[in-house]
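Colleague: following is a predicted model, sequence given first.
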Amino acid sequence: MLVASLLPILFTAISVQAQPVERGIFDSVGVLDDVLLFDAPAFPDPANPANTLVGLQAFTSLRQIDLGVLTAAAQAALKAIGLDVGDKISTLEERLRLFGAVGLPGKNVKVDVGGCNKQAQLPGTSGLPDLGMALQNVSVGACGSGKELIAKVALSRLDSRKFTASVFSSPNSGFGVISDIDDTVKISNVLDKLALAKSTLLDDPVPVAGMPELYASLSKSLNDPQFIYVSGSPFQLYPFLNNFIDSAYSASKGPIYLQNLTLIDIEGLLDFANSDGVQEYKVSMIDRIHGMYPNKKFLAVGDSTQKDPETYAEAFKKFGGEFMACSWIRRVEGADNSDARFAAAFEGVPANKFRIFTDEDIPSLKNIDVAGGEC
């Protein structure tokens, strides 16, 4: 929501600052390019269980040099809503870095995954509206044991940079956890524009009290489940959110799915603030998760600020309780926490398949035997 309000100013600044250069189709990543390689899930190939598939995603952009214009525009936009950046300019610049990136089409991204015997190659990065993005399930062959593998973009011998990400391998069985981020595991204050701006662009991220301990407990009680974080935030915030999950939730790390919104598609970015759009996006990501792990059972955790109750209920009605085994919704002060809202959202979902919890309830959630069928 905050990002959408800044977009007209930021886009004007970026349009002046950088323009895409002409590139040949299917070029390799070169020294003038940057690559964001996202953490990814890995799962058995349905056609050959000995083979591993990885849901790889990469964003390739023109290498950035000067972000001064972008940062100045952001400072002005924040000042207009009453927020003084103060001594947080470097933090602001780092959080906004990818909003100034110019995506490159037709770039081939080759990836080596440690412990796997086959190099993966993503298709050429896309053009408009998903400029510079590539996403596909790719084969990496047979892989050694280990849940967290390291993926690395293959570059020319003249390029000493390293673009890496984690690959989280999990079988098509057992449990997983689908989790929202903002106001579910991280305090974001999405209902307060000024507080949201501060927590997203300037402050050090703060976890919701008790949630890191709860997720660490779930990682044990659910026997090393596949954690997957699904958020309506734009992918440009990925480095910030990924660092937060890796540090605050080190016992429950996993891939993060964010909306593919670019500065080229201004209308799409403005729609980011629309809760209905976020629900549609999250349901599509749960569809994707089901495609990878149709035989897993998932605990879904969200909050009441936007549409998590409606999203998880929709997924339950689509895939049933064997897949969407349980949904937990955190009550956030100031949101619509009425009984009528939750009754409407979970209409048709059995009462023993969802739980609405408060912050005071968080410590006791670890005592619920989700693996045994409780919710």
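Modeller: Looks like it came in fine. Numbers count the residues shown, from 1 in each chain.
Colleague: name the nearest residue to residue 362, sequence neighbours excluded.
Modeller: Once flanking residues are discounted, residue 362 sits nearest to residue 210: 3.7 Å by CB to CB, 6 or more residues apart in numbering. Yep, even glycine has a C-beta here, placed from its N, CA and C like the rest.
Colleague: my guess is that neighbour meets residue 360, correct?
Modeller: No - under the criterion of CB atoms under 8 Å, residue 210 makes no contact with residue 360, lying 9.3 Å away.
Colleague: okay, the two: which has more neighbours?
Modeller: residue 210 (16 against 9; other CB atoms under 10 Å).
Colleague: next SSE after the helix or strand of the chain with the lowest mean pLDDT?
Modeller: Ranking every helix and strand in the chain by mean pLDDT, DSSP states H and E puts helix 266-270 at the bottom, with a mean of 36. Using DSSP states H and E, the helix or strand that directly follows helix 266-270 along the chain is helix 275-292.
Colleague: after that following helix, next one along is what?
Modeller: strand 297-303.
Colleague: state the mean pLDDT of that following strand.
Modeller: Mean pLDDT, computed over strand 297-303, is 98.
Colleague: for it, C-alpha coordinates in CSV please.
Modeller: Extracted C-alpha coordinates of strand 297-303, given in CSV (Å, rounded to 0.1, in the frame of the first residue of the first chain):
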residue,chain,number,x,y,z
LYS,A,297,-0.7,-31.5,4.6
PHE,A,298,-0.3,-27.8,5.3
LEU,A,299,-0.8,-25.5,8.3
ALA,A,300,-1.6,-22.0,7.0
VAL,A,301,-0.9,-19.0,9.2
GLY,A,302,-2.1,-15.5,8.6
ASP,A,303,-3.7,-12.5,10.1
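Colleague: how many residues are close by residue 177?
Modeller: For residue 177, the neighbour count with other CB under 10 Å is 22.
Colleague: surely it is in a strand?
Modeller: Yes - counting by DSSP: H, G, I helix; E, B strand; the rest coil, residue 177 is located in a strand.
Colleague: correct me, but it touches residue 221?
Modeller: No - look at residue 177 against residue 221 with CB under 8 Å: they stay out of range, at 10.9 Å.
Colleague: in stretch 203-213, what counts as buried?
Modeller: For stretch 203-213, the buried set under the neighbour-count rule, 16 or more other CB atoms under 10 Å, comprises 205, 207-208, 210-212.
Colleague: distance to residue 192, pLDDT and secondary structure for those residues - can I get that in a markdown table?
Modeller: As requested, those are exported to a markdown table (distance: CB to CB, whole Å; pLDDT from 0 to 100; DSSP: H, G, I helix; E, B strand; the rest coil):
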| residue | distance to residue 192 | pLDDT | secondary structure |
| --- | --- | --- | --- |
| 205 | 16 | 97 | coil |
| 207 | 18 | 98 | strand |
| 208 | 16 | 98 | coil |
| 210 | 22 | 98 | coil |
| 211 | 20 | 98 | helix |
| 212 | 23 | 98 | helix |
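Colleague: find the pair from those residues with maximum spatial separation.
Modeller: Taking CB to CB as the measure, the buried residues of stretch 203-213 span a maximum distance of 15.8 Å, between 205 and 210.
Colleague: how about residue 278: what's its closest non-neighbour residue?
Modeller: residue 232 (3.6 Å).
Colleague: how many residues are close by the one you found?
Modeller: Using other CB under 10 Å, residue 232 has 28 other residues around it.
Colleague: report all helices and strands that the strand or helix carrying it contacts.
Modeller: For residue 232, the enclosing helix or strand under DSSP H and E is strand 226-234. Where contact means 3 or more CB pairs under 8 Å, 6 or more residues apart in numbering; DSSP states H and E, strand 226-234 is packed against strand 175-179, helix 238-248, strand 256-259, helix 275-292.
Colleague: quick one: low-confidence parts of the stretch 201-350 of the chain?
Modeller: 261-276 (pLDDT under 70).
Colleague: that older thread, residue contacts, the residue nearest to residue 278?
Modeller: Applying CB atoms under 8 Å, 6 or more residues apart in numbering to residue 232 gives the contacts 182, 258-259, 272, 277-278, 281-282, 306.
Colleague: now residue 355, what's its secondary structure?
Modeller: Applying three-state DSSP: residue 355 is strand.
Colleague: setting aside sequence neighbours, what's the nearest residue to it?
Modeller: Closest to residue 355 by CB to CB, 6+ apart is residue 328, at 5.1 Å.
Colleague: who's the one you found bridged to?
Modeller: Beta bridges link residue 328 to residue 301, residue 355, judged by DSSP bridges.
Colleague: report the contact partners of it.
Modeller: 299-302, 354-355, 357, 365, 375.
Colleague: and the chain, what are its domain boundaries?
Modeller: 2-66+100-169, 175-365 (automatic domain parsing).
Colleague: out of those domains, flag the one nearest residue 82.
Modeller: Nearest to residue 82, of all the domains of the chain, is domain 175-365, at 6.1 Å by CB to CB.
Colleague: strands of the stretch 1-150 of the chain, residue ranges please.
Modeller: Remark: strands assigned in the stretch 1-150 of the chain by DSSP state E, counting those that start in this stretch are 27-28, 33-37, 40-45, 48-62, 107-113, 120-122, 133-141, 148-153.
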